[in-house]
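Asker: 3D model of this:
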Amino acid sequence: CRRCAGPLLLPGSGGSGTPHCRWCGVADAAYRCPACGSGRLRAVVVGAMRTAEELGRAFPGVAVRTSGGGDVLATVPARPALVVATPGAEPVAEGGYGAALLLDGWALLGRQDLRAAEETLRRWMAAATLVRPGRDGGRVIVGAEAGIPAVQALVRWDPGWHAASELAERKELGFPPHVRMASVEGTPEAVAGLLDEISLPEAAEVLGPVPLGEIDEEGRSERERALLRVPREHGKALADAVHAVRAIRDARKATDSVRIQLDPLSPV
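Answerer: Here you go, the predicted model:
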C-alpha cells in the first residue's frame, strides 16, 4: 500500500475486484509491480502432492516419498530417493541429504505476515542443516531471487545480518517492534463504538477500519478490523487506553464483542 505499506487484497470472485489495503482500506485501482511495472496479480502455488507426482514422472524408477499434513515422516533411510516435504515436516535422512531444493520461496516470502521473511529464513536454514556438508558433496539450492535479503542471509549463513536489516526496514515503515500496535476486530458497529470511546495518545494513528472476509453487494462486511499504531515510547499509554476501554465495556456489559490484541504477530 502506498499509504501505509500494508498488504493488498483482491476482493470479489476470483480476485477480479480492485486491490485495496487490508490495513487502512485505501484502494489501488492502478496497481503496478514496482520491479517490472506489470499490473497482473496471480497465485500459482503448487501443492506438495502435485510436486511429488510431477517429479515421479520426471524421474521414473526413483522412489518418491512425501511428508506433510497428516502423514509426517520422522526419518528416511540412506537410499536414493526423492523426498517432497512441506515446510517444517522435513524428515531426517540417515547420513544427511545429498541435496535440498527449496521451492516456492516467493510464496513463503509473500505471506501476509510481518514475520514472513524471518520465518522463511528460519525454515530454510532448518532444512539446510539436514543436508550433509559441502565438503561431502552436499548442495542447497533455493528457488528465489538472489537479491532478496532472506536469500542473501541464507547464502551468507548470517541470520544476525538479516535481523538487523529487517529491523531497519520496519523502523522506516513504522512496523513493530519499532512501534507498538493494537488490533481491534469485531462487527462494524462494535469497532466504531470502541474507536469512539477509547482515549488514545496524541501520537496514535488509526489505520482502517477495513472489512474482513467477503463484502456484500452494498459494500458491507460482517466483521472489520482497525489497527492502532503509536511510537514505541507510547506503548504503555496505548496499553493503558486499551485496558481502560475494555473496563468501560465490561462495566456496561456490552453485548457486541470486540477482539483486541496488542502487538499481534499477523496484523493483516
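
Asker: From now on I want contacts and neighbour counts done on CA atoms only, so please keep to that.
Answerer: Fine.

Asker: what about Asp263, how many neighbours?
Answerer: Look at Asp263: counted by other C-alpha atoms under 10 Å, it has 19 neighbours.

Asker: roughly how far apart are Ala247 and Val258?
Answerer: As judged by C-alpha to C-alpha, to the nearest Å, Ala247 and Val258 stand 12 Å apart.

Asker: By average pLDDT, which secondary structure element in this structure comes out worst?
Answerer: Here the helix or strand of the chain ranked lowest by mean pLDDT, DSSP states H and E is strand 8-9, holding a mean of 76.

Asker: So which elements touch that strand?
Answerer: Applying 3 or more C-alpha pairs under 8 Å, 6 or more residues apart in numbering; DSSP states H and E, we find strand 8-9 packed against strand 20-21.

Asker: Figure out how far the strand it packs on is from the centre of its chain.
Answerer: 16 Å (C-alpha atoms, centre = their mean, to the nearest Å).

Asker: Remind me what it packs against, helices and strands.
Answerer: Short answer (3+ C-alpha pairs under 8 Å, 6+ apart): strand 20-21 packs on strand 8-9.

Asker: what residues are up against Glu53?
Answerer: Not one residue lies near Glu53 by C-alpha atoms under 8 Å, 6 or more residues apart in numbering.

Asker: Can you report how many residues lie near Gly208?
Answerer: 18.

Asker: That one: what's its closest spatial neighbour, skipping adjacent residues?
Answerer: Cys24 (4.1 Å; C-alpha to C-alpha, 6 or more residues apart in numbering).

Asker: Helix or strand next in line after the host helix or strand of Val184, which one?
Answerer: Secondary structure from DSSP states H and E places Val184 in strand 179-186. Sequence-wise, the next helix or strand downstream of strand 179-186 (DSSP H and E) is helix 188-197.

Asker: how far off strand 179-186 does that following helix point, in degrees?
Answerer: Here the directions of helix 188-197 and strand 179-186 differ by 140 degrees (axes from the mean of the first three to the mean of the last three C-alpha atoms, to 10 degrees).
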